[in-house]
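> sequence-free structure coming up:
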């Protein structure tokens, strides 16, 4: 098992400009993390955040720009190269427009690609046979939407469910290895993705999420974030179909 006392000195992030990723990076920098590698498609936001990290915490930040929608056009030898880092984080995601996806295949494909298909080559590049024998960790952010299909977001939920099942299999593959896999079933957070779509009482600040997760950065297993989504989703799973059909 990996000791929780191991320090995170370097971190690699797919989805480096997401609000939760930025909060995690800031918290890591405060704790002494020295090297950051951020992958995102938004150059302006990435440059701005990278400059902030460098100036505020005197750390090394590298950036890569990659559009998860266009990964089919990318040369695998060029893009899917990953070096050794203490911690890898998959925080990219796209809620999408469920109603549009019913009518427009491009929107449906976009939701599936950004939340699942385009992520798999990156995780495969991270979890090589040689690397999973090292003391490192991988966090994969999925969603409570993966627990049960609902009319309002079943494209997103399906993609996150696929990512979760894949990650769970990977977690068990690494169970007796030094490499830890952590699946984070995220509920609503205060972020642009969920703004105006969730009751405030169910939302959590991303800075708090970062602090909670970093109490034990090399924890293994599946967890809800925040914790109260576990009992909420336990109830949702057993609700009658008649009720679910209205959600």
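In hand now; what should we look at? Keep in mind that this is a model prediction, so the values were computed, not measured. Numbering: from 1, shown residues only.

> in stretch 154-171, what counts as buried?
In terms of neighbour count (16 or more other CB atoms under 10 Å), stretch 154-171 has its buried residues at 154-164, 166-168, 170-171. C-beta: built from backbone N, CA, C; applies to glycine.

> which of those residues fall within helices?
154-164, 166-168, 170-171 (DSSP state H).

> what's around residue 147, how many residues?
20 (other CB atoms under 10 Å).

> and it, what is it in contact with?
Residue 147 is in contact with 161, 185, 233, 236-237, counting by CB atoms under 8 Å, 6 or more residues apart in numbering.

> please identify the helix or strand for residue 39.
strand 35-40 (DSSP states H and E).

> helices and strands of this structure: which one has the lowest mean pLDDT?
Within the chain, judged by mean pLDDT, DSSP states H and E, the helix or strand with the poorest mean is helix 76-79; its value is a mean of 56.

> what's the first helix or strand after it?
Sequence order places strand 87-90 as the next helix or strand after helix 76-79, per DSSP H and E.

> give me the element the most far-flung residue of the chain relative to its centre is part of.
Centroid-distance maximum for the chain: residue 242 at 31.7 Å, with CA atoms, centre = their mean. Assigned by DSSP H and E, residue 242 belongs to helix 241-244.

> for that helix, which outside residues touch it?
Against helix 241-244 from outside (CB under 8 Å, 6+ apart): 148-150, 236.

> these, buried ones only, as a ChimeraX selection?
Of the contacts of helix 241-244, the buried ones go into a single ChimeraX selection, burial set by 16+ other CB under 10 Å:
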select :148,150,236
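
> hmm, which of the contacts of helix 241-244 is lowest in pLDDT?
Among the contacts of helix 241-244, residue 236 carries the weakest pLDDT, at 71.

> point out where this structure drops to low pLDDT.
Along the chain, the parts satisfying pLDDT under 70 run over 1-5, 72-79, 189-202, 239, 245-247.

> which residue is nearest the middle of it?
Centroid-nearest residue in the chain: residue 91, 2.5 Å away (criterion: CA atoms, centre = their mean).
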